[in-house]
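Q: Quick one, structure for this:
(one chain, ligands or ions: 1)
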Amino acid sequence: MSNLLSNSASGTLGLLTDTEGGAARALQELERVYAGVVARNAGEIEFHQAVREVLFSLVPVVIRHPEILDAKVFERLCEPERQIIFRVPWQDDKGEVHINRGFRVEFNSSLGPYKGGLRFHPSLYLGIVKFLGFEQIFKNALTGMPIGGGKGGSDFNPKGRSDNEVMRFCQSFMTELYRHLGEYTDVPAGDIGVGGREIGYLFGQYKRISNRYESGVLTGKGLLWGGAQVRKEATGYGLVFFVQEMLAARGGSMDGQTVVVSGSGNVAIYAIEKAQQLGANVIACSDSNGYIVDEAGINLDVVKQIKEVDRLRLTAYVEHVPTARYVSDGSVWDVPCTVALPCATQNELDRSHAEALVRNGCKLVAEGANMPTTPDAIAFLQNAKVAFGPGKAANAGGVATSALEMQQNASRDSWTFEHSESRLSEIMTDIHSRCFQTAEKYGAPNNYVMGANIAGFEMVATAMMDLGLV
Ligand code: GLU
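A: Below is the predicted model:
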C-alpha cells in the first residue's frame, strides 16, 4: 500500500478534466459510501452532515490513490471502533431519582489513544456524539500530536443544578465509564457543559474507584491536581492565533478588526480575551437567549464574573454596563463586523446569517465551535470570497493543549504559562500552514475546508493502512 503522505501530489484539482474517468469513479464511490453511512446510521443527521462534508472534499485524493477504495478506508473510518451507551442514575437535592443516558464513542485510535471531550447538554444523542467524534479524528491528526479521536457525554442538563447535584451526576457517570478509560486507552476532557468543576468530580471518582492517581486519564484538570497552564484558554486563544495566520496570509492583522463572537462559554471568553490583547475591538457576544452589543468593546471581566463565577445569563451584563444593549430577538450575526467567530454550537450560522455578514462587510469567519456553520452558509461565504476557517483546524488548539497536558503528566512535569502559550501558538501556525499548503497542492488555494480535510485524512488513512486491517 503506498504511503499517501510520501506520494507527492503533483496533480491539481485543475487536472480533474484530464482524469474525468477517475473523477467520475471517485464521486460514484464516495456517493456509495455516503449512502451506506446514511442507511446504517438512520436519523443521525449531524453525523451524516459531518461525514458528507469530509468525504466529498476528498475526491482529488481518491483520484490519485484509488487503493484507498480497495482497502475500504472510508467504510472503516465511518464505523466507530467502539460505541458505549449506558444508564446514568442519580438523585437530585430533593431526593428525586433521575435517569440520564451516557455515551462514549471511541472512533479511531490509529494515531493514539482516543481523545476528545465530554458534552453535557439536553440535546445530546448518538448522532451528535458521532459527528463530534468523527470531526475529532481529523482535528486531532492536524495538531500533529499522537492522539486518536473520540467523544462522549450525556443528555444531562447541568444548567440550574447545584454543585452537589452535578457532583452526584458526575460520580454516577464515571462509575460506569471508568472501565473504558485509561491514559493509553481513552482520555476525555471537557466540551459544552463540562468545565473545570465537572472534570474535578469526574477525576475524583476515577481516582477513587481505580485506586490510581492516573493524571493522564483526563485533561482540563485544575492546576493543583495535574492540570496544565493555558488549557482553559487554549481553544479560544488558539482560534485567534489561527485567525491571525489567516489574516497574515492576506497581508492583514488582528489589530483594528471589529469582531463579533457568538456564545459566552469557555471558547468565546478566551477568544475575546486574545482578540482584545491583539488590538481588535470585540463588540458583541451571545448566549442561547440573546446577545449583547457593547460598541466600546466588551468588558471581559464582567462577562467572566457573570458566566464563570455567578453562572448567570448574559442579561446581567447590561446591569453592570448600562451603556451596552441586550437584544433578545434576531441574531448576533446581524451586528456588522469584519471578523466573525462562531463559538456557540453546531449549525448556529446558516445561510441567511452568512448573507447578513457579507452584506455588512465581514471578511473572515473562523469556527471556534464544532460545525457551527451550515454547509450552504460555508458555500455562500466561500463564493463571496470571505476567508473561512473550519473548526477542525481553527479550534484545534484546545485538544492540542490537552495533548501537551498529557505530555506533562507522562513526564510529571509542569510548564510555565509563557512556554505553554508559545507551544500553542507554534502548533496553530503549523496547522494553518498544513491546511494552506495542502489546499494549494490540491489546486484549491485558500480553501481551508479542503486543506484541513485532506491533510487530516492523509495522516489518519496512512496510519490505518500501516497498521493493517484492524
Ligand atoms: N472538546 C474539545 C474539542 O472539541 C476539546 C477536546 C479535548 O481536549 O480532548 O476539541
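
Q: For the rest of this, base every contact and every neighbour count on C-alpha atoms.
A: OK.

Q: Which residues of the stretch 251-400 of the chain lie near the ligand?
A: Those residues of the stretch 251-400 of the chain that sit near the ligand, judged by C-alpha under 6 Å from any ligand atom, are 396, 398-399.

Q: Save the residues you listed as JSON lines, and put in secondary structure and neighbour count too.
A: Output for those, formatted as JSON lines (DSSP: H, G, I helix; E, B strand; the rest coil; neighbours: other C-alpha atoms under 10 Å):
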{"residue": "396", "secondary structure": "coil", "neighbour count": "31"}
{"residue": "398", "secondary structure": "helix", "neighbour count": "31"}
{"residue": "399", "secondary structure": "helix", "neighbour count": "26"}
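
Q: Nearest to the ligand among the residues you listed?
A: Within these, the smallest distance to the ligand is 3.5 Å, found for residue 399 (C-alpha to the nearest ligand atom).

Q: So that closest one sits against residue 114, correct?
A: No - between residue 399 and residue 114 there is no contact, the gap being 11.5 Å when judged by C-alpha atoms under 8 Å.

Q: got the contact list for residue 47?
A: The neighbours of residue 47, taking C-alpha atoms under 8 Å, 6 or more residues apart in numbering as the test, are 127-128, 130-132, 134.

Q: Could you find the closest non-adjacent residue to it?
A: residue 131 (4.0 Å; C-alpha to C-alpha, 6 or more residues apart in numbering).

Q: Just give me the neighbour total for that neighbour.
A: 22 (other C-alpha atoms under 10 Å).

Q: could I have whatever helix or strand it lives in exported to CSV, CA atoms only?
A: According to DSSP states H and E, residue 131 maps onto helix 126-142. The C-alpha coordinates for helix 126-142 follow below in CSV (Å, rounded to 0.1, in the frame of the first residue of the first chain):
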residue,chain,number,x,y,z
LEU,A,126,-25.8,9.4,19.5
GLY,A,127,-25.9,11.4,16.2
ILE,A,128,-24.3,14.5,17.8
VAL,A,129,-21.7,12.4,19.7
LYS,A,130,-20.8,10.7,16.4
PHE,A,131,-20.5,13.9,14.4
LEU,A,132,-18.2,15.3,17.2
GLY,A,133,-16.2,12.1,17.4
PHE,A,134,-15.8,11.9,13.6
GLU,A,135,-14.6,15.6,13.4
GLN,A,136,-12.3,15.0,16.3
ILE,A,137,-10.3,12.3,14.3
PHE,A,138,-9.2,14.8,11.7
LYS,A,139,-8.8,17.7,14.1
ASN,A,140,-6.5,15.7,16.4
ALA,A,141,-4.5,14.5,13.4
LEU,A,142,-4.0,18.1,12.3
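
Q: next helix or strand past that helix?
A: strand 149-154.

Q: quick one: is that next one near the ligand?
A: No - counting by C-alpha under 6 Å from any ligand atom, the ligand has no neighbours in strand 149-154; the shortest distance is 7.9 Å.

Q: need the strands for this structure, in chain order.
A: Remark: strands assigned in the chain by DSSP state E are 82-91, 97-108, 114-120, 149-154, 186-189, 258-262, 281-286, 291-293, 325-327, 339-342, 364-366, 387-389.

Q: closest to residue 435 out of these?
A: Residue 435 lies closest, by C-alpha to C-alpha, to one member of the strands of the chain: strand 387-389, at 9.7 Å.

Q: tell me which residues in the closest one are buried?
A: 387-389 (16 or more other C-alpha atoms under 10 Å).

Q: Stretch 462-470: which residues count as buried?
A: 462-465.

Q: end to end, how far does it reach?
A: 13 Å (C-alpha to C-alpha, to the nearest Å).

Q: go on, stretch 52-63?
A: The straight-line separation of the ends of stretch 52-63 (C-alpha to C-alpha) is 17 Å.

Q: cool, and stretch 35-55?
A: Stretch 35-55 has its terminal residues 11 Å apart, counting by C-alpha to C-alpha.

Q: What residues does the closest residue in space to residue 295 that isn't next to it in sequence make contact with?
A: In this structure, residue 295 finds its nearest non-sequential neighbour in residue 283, 5.2 Å apart by C-alpha to C-alpha, 6+ apart. By C-alpha under 8 Å, 6+ apart, residue 283 lies in contact with 258-260, 293-298.

Q: Thought residue 48 was touching residue 38, still the case?
A: Yes - with contacts counted by C-alpha under 8 Å, residue 38 reaches residue 48, the gap being 6.2 Å.

Q: In terms of neighbours, single out the busier of those two.
A: residue 48 (22 against 17).

Q: can I get the residues of the stretch 251-400 of the chain next to the ligand in CSV with pLDDT?
A: Formatted as CSV, those follow (pLDDT from 0 to 100):
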residue, pLDDT
396, 98
398, 98
399, 98
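
Q: So which of those residues is the closest to residue 370?
A: Closest to residue 370 out of these is residue 396 (9.9 Å), distances taken as C-alpha to C-alpha.

Q: count of neighbours near the closest residue to the closest one other than its chain neighbours?
A: Once flanking residues are discounted, residue 396 sits nearest to residue 139: 5.9 Å by C-alpha to C-alpha, 6+ apart. Residues lying near residue 139 (other C-alpha under 10 Å) number 31.

Q: ok, now which ones touch residue 312?
A: Residue 312 is in contact with residue 306, counting by C-alpha under 8 Å, 6+ apart.

Q: go with 10 Å
A: Neighbouring residues of residue 312 by C-alpha atoms under 10 Å, 6 or more residues apart in numbering: 159-160, 303, 305-306.

Q: so which of these is the most crowded?
A: Neighbour max across the contacts of residue 312 (other C-alpha under 10 Å) = residue 303, 22 neighbours.

Q: mind checking pLDDT for it?
A: Listed pLDDT for residue 303 reads 98.

Q: Tell me what angle the longest helix anywhere in the chain forms with helix 126-142.
A: Of all segments of type helix in the chain, defined using DSSP state H, the longest is helix 417-441. Put simply, helix 417-441 runs at 90 degrees to helix 126-142, going by axes from the mean of the first three to the mean of the last three C-alpha atoms, to 10 degrees.

Q: which strands and helices sit next to helix 417-441?
A: Helix 417-441 makes packing contacts with helix 126-142, helix 234-249, helix 391-394, helix 397-410, helix 448-466 when contacts are defined by 3 or more C-alpha pairs under 10 Å, 6 or more residues apart in numbering; DSSP states H and E.

Q: pLDDT on it, on average?
A: 98.

Q: just stretch 279-288 next, same as before
A: Averaging pLDDT along stretch 279-288 yields 97.

Q: Check the stretch 151-300 of the chain for the residue nearest the ligand and tell me.
A: For the stretch 151-300 of the chain, C-alpha to the nearest ligand atom, closest residue to the ligand: residue 191, 4.0 Å.

Q: Quick check: bridge partners of that residue?
A: Listed by DSSP bridges, the beta-bridge partners for residue 191 are residue 194.

Q: Please give me every residue in contact with it.
A: Contacts of residue 191 (C-alpha under 10 Å, 6+ apart): 116-121, 151-153, 220, 265-267, 369, 398.

Q: can you tell me how far it sits from residue 219?
A: Plainly put, residue 191 is 11 Å away from residue 219 if you go by C-alpha to C-alpha.

Q: Could you do residue 443 as well?
A: 38 Å.

Q: Of those two, which one has the most company?
A: Legend: neighbour count by other C-alpha under 10 Å for residue 443 and residue 219, higher for residue 219 (29 against 19).

Q: Perfect, that will be all.
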